[in-house]
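3D model of this:
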Amino acid sequence: MTDNLILERSVRFVSALRHCQVLGIQVHDAGSDGMTLLLPYSLDIVADLQTGVIHGGALTSLMDTACGMATLCVLPEFEVCPTLDLRIDYMHQAEPHKTVFGFAQCYRVTKDVIFTRGYAYQDDPQQPIAHVVGTFMRMGKRLKGTQGLGSVIKGEQA
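Modelled structure (predicted):
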């Protein structure tokens, strides 16, 4: 699969996810090496209005989505892959009024589980806000009622 196809599928997928619509999460880059999403700063995701610090839940949503969507970078066809486990180590808080980027990649794919890792950052990927590792269950096409979402990813009309 080409990087352009991965990017196109990723953009369609993120636009279909309601939590991404609400949080404003967008695809920044996607290819065979991984997925980068962006979370724009807004007052809706602020935990403390006095400091302007982003709520940890918004960052967790960003990184869970980035890791889950990284499966699109390695699988030849869309599969439902729910989160089994997600661990986030926060290094420091995000600076207020700045976009947060979330990069994730798959480092092992088995018949049943996909293993991911990544990091959240603002200006410099070498200064991460958080590190993440996650595992995702491969459900394949065994789940009924997912054909519609698969069609969205493939760009087909429902």
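
what residue ranges in this protein score low on pLDDT?
Scanning the chain for pLDDT under 70 picks out 141-158.

Thought Val80 was touching Gly140, still the case?
Yes - look at Gly140 against Val80 with Cβ atoms under 8 Å: they come within range, at 7.3 Å. Placement of C-beta: from N, CA and C, glycine included.

does Pro76 count as helix, strand or coil?
Following DSSP: H, G, I helix; E, B strand; the rest coil, the label given to Pro76 is coil.

Quick check: the closest residue to it other than its chain neighbours vs Ala30, distance?
What sits nearest to Pro76 in space, not counting adjacent residues and going by Cβ to Cβ, 6 or more residues apart in numbering, is Met1, at 6.3 Å. To Ala30, Met1 is 11 Å away according to Cβ to Cβ, to the nearest Å.

More neighbours: which of those two?
The residue with more neighbours, out of Met1 and Ala30, is Ala30; 26 against 14, by other Cβ atoms under 10 Å.

Wait, a strand at the more buried one?
Yes - Ala30 forms part of a strand when assessed by three-state DSSP.

For it, name its beta-bridge partners.
Beta-bridge pairing for Ala30 (DSSP bridges): Met35.

my read: it touches Leu7, true?
Yes - counting by Cβ under 8 Å, Leu7 is a contact partner of Ala30 at 4.5 Å.

Report the central residue of the protein.
Nearest residue to the geometric centre of the chain (Cα atoms, centre = their mean): Ala66, 1.5 Å.

Make sure Val11 is indeed in a strand.
No - according to three-state DSSP, the state of Val11 is helix, so it is not within a strand.

gap between it and Leu38?
12 Å.

Quickly list what's touching both of the two.
Common neighbours of Val11 and Leu38, using Cβ atoms under 8 Å, 6 or more residues apart in numbering, are Val27.

where do the helices sit along this structure?
Taking DSSP state H as the test, the helices found in the chain are 3-16, 18-23, 56-69, 147-154.

now the end-to-end length of stretch 64-77.
20 Å (Cα to Cα, to the nearest Å).
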